[in-house]
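Visitor: sequence plus the predicted model coming up.
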Amino acid sequence: MNENLVIRTLVELADNLVEDFDVVDLLSRLVDRCVEVVDVAAAGVMLAPPSGALQVVASSSEAMRVLELYELQADQGPCLDCFGSGEAVVNVDLAAADSLWPRFAPEAVAAGFRSVHALPLRLRGLTIGALNLFRTETGALDAAQVTAVQGLADIATIAIIQHRVTIDAQKLNAQLSEALNSRITIEQAKGKISQAENVDMDRAFQRLRRHARSHNLRLSDLATDVASGQTDPSSLDPLP
């Protein structure tokens, strides 16, 4: 585990503890850093507004996003269990999880994954989502890795719900709903970039995010402009 990267990521996430931040971009950073910090192949976040159901908000790859969508459709899997209980689900061997998740486990194995972990986005008893971590090999995450990733998830959770002390639940609900709606727009933008530039969806998202960060733009705002045709995909900064 890269301890220096863990520290840098904590600082990076904490830097979002301001009023006007992009929830989708924050969680996209979280899943990318999880893949870099610990020995996992893919990561994703599901988020739920106070009065709604879980939805996929951020994924480290297109394959991960598709699998998480299937998890919601099948209504079973590690993220759902973690969100429902508010407790971590760690070191589950997917090949031996047919009795636990009879529909989801075979689908995850077919996607190339062998073990899974899910950690709650939770603060003081309030669980707003869950973080999924998948590995392509069997084997356990050690306690230090689980603690590090939970720390990253905790910082992201604080960033999302910190304003509960100053804003009412209706505004918080609108904020989280806006984040979920932004994800839909981002998927539309990814599709346009993929088609226009003849790249896969992962590369399309990387290009969208790179341009937003390079020009200090909100990811959701840039995605809206691309999806609506106001910004030409070819005008986005190229990837290295």
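Guide: That came through fine.
Visitor: give the buried residues for the longest helix anywhere in the chain.
Guide: Counting residues, the longest helix in the chain under DSSP state H turns out to be helix 169-197. Neighbour-count burial for helix 169-197, counted by 16 or more other Cβ atoms under 10 Å, picks out 172, 176, 179-180, 182-183, 185-187, 189-190, 192-194. For the C-beta atoms, the positions are set from N, CA and C on the backbone; glycine is no exception.
Visitor: next: stretch 152-165.
Guide: Quick answer for stretch 152-165 (16+ other Cβ under 10 Å): 152-157, 159-161.
Visitor: helix/strand/coil for residue 49?
Guide: When classified by DSSP: H, G, I helix; E, B strand; the rest coil, residue 49 comes out as coil.
Visitor: that one against residue 181, yeah?
Guide: No. Using Cβ atoms under 8 Å, residue 49 is not in contact with residue 181; the gap is 10.6 Å.
Visitor: in a helix, residue 56, correct?
Guide: No. Counting by three-state DSSP, residue 56 falls outside a helix, being strand.
Visitor: and the residue lying closest to it once chain neighbours are set aside, how many neighbours does it have?
Guide: Among residues not flanking residue 56 along the chain, residue 68 sits closest, at 4.6 Å (Cβ to Cβ, 6 or more residues apart in numbering). When neighbours are defined as other Cβ atoms under 10 Å, residue 68 has 24 of them.
Visitor: you'd agree residue 230 is in a strand?
Guide: No. In this structure, residue 230 is coil, not part of a strand, as judged by three-state DSSP.
Visitor: quick check: domain ranges of the protein?
Guide: Following automatic domain parsing, the chain resolves into domains at 3-167, 180-229.
Visitor: relative to residue 240, which of the ones you listed is closest?
Guide: Smallest distance to residue 240 across the domains of the chain (Cβ to Cβ): 8.7 Å, for domain 180-229.
Visitor: isn't residue 208 right up against residue 187?
Guide: No. Counting by Cβ under 8 Å, residue 187 is not a contact partner of residue 208; they are 10.6 Å apart.
Visitor: residue contacts, residue 131?
Guide: Residue 131 makes contact with 30-31, 34, 43-45, 79, 118-121, 149, 153 under the criterion Cβ atoms under 8 Å, 6 or more residues apart in numbering.
Visitor: need the contact partners of the helix or strand encompassing residue 44.
Guide: Residue 44 is part of strand 42-47 when elements are defined by DSSP states H and E. Residues from elsewhere that reach strand 42-47 (Cβ under 8 Å, 6+ apart): 23, 27, 30-32, 34-35, 54-61, 63-65, 67-68, 72, 79, 83, 113, 121, 128-134, 156, 160, 176, 179-180.
Visitor: and if we set it to 7 Å?
Guide: 27, 30-31, 34-35, 54-61, 63-65, 68, 79, 83, 128-134, 176, 179-180 (Cβ atoms under 7 Å, 6 or more residues apart in numbering).
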